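1. Take this sequence and fold it.
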Amino acid sequence: MYKSHITTAEGWLALPEFAVPGADSSAGFNRVIVDVEKVSFCVVSKEECELAGLDAEPIPGGRRVLPIISTRQQDRVKIYRLPLDLTSWVIMVISLISLGRKLFPSRVEFKVHEGQRVAKIETLTKLDELEAH
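-> Next comes the predicted model:
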């Protein structure tokens, strides 16, 4: 269900990059909120990443992970590549989904916090608040 149709670094690079605020805020905004349908990733070899000039996060077995997000905009789903510094977030989200958490569709806020890009899932935040009470 959360597999990506993108299977190569070249295919991942061909996706439009999702506009997430950068740590230097040079994009002119400091946060963006979107309706996310799902997150996924493309797994490629270390060599493929090196050939493409990508410094992607390794996973067991020496392979590399390239993060992908699907958003809903005006009743159309659009697929984007996420910046590589959000790879850990995508891995964490997919881990929660594999444990049975229903996270998507949901609104997600992307922003810079203490110099790092972060993402906050509205559904997860509300569920955690309910569980805390």
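2. all contacts plus neighbour counts: C-alpha atoms, from now on.
-> OK.
3. Following the chain onward from the one helix or strand Trp89 maps to, which element is next?
-> Taking DSSP states H and E as the criterion, Trp89 maps to helix 87-98. Once the chain leaves helix 87-98, the next helix or strand it forms, by DSSP H and E, is strand 106-113.
4. Next, the buried residues of that following strand.
-> By neighbour count on 16 or more other Cα atoms under 10 Å, the buried set for strand 106-113 is 106-112.
5. By mean pLDDT, which helix or strand of the protein comes out lowest?
-> In the chain, no helix or strand scores lower on mean pLDDT, DSSP states H and E than helix 122-132, which sits at a mean of 56.
6. quick check, distance from the helix holding Trp89 to the centre of its chain.
-> Put simply, helix 87-98 sits 9 Å off its chain's centre (Cα atoms, centre = their mean, to the nearest Å).
7. packing partners for that helix?
-> With contacts taken as 3 or more Cα pairs under 8 Å, 6 or more residues apart in numbering; DSSP states H and E, helix 87-98 sits against strand 31-44, strand 64-73.
8. The first one - what's its average pLDDT?
-> Right, strand 31-44. For strand 31-44, the mean per-residue pLDDT is 89.
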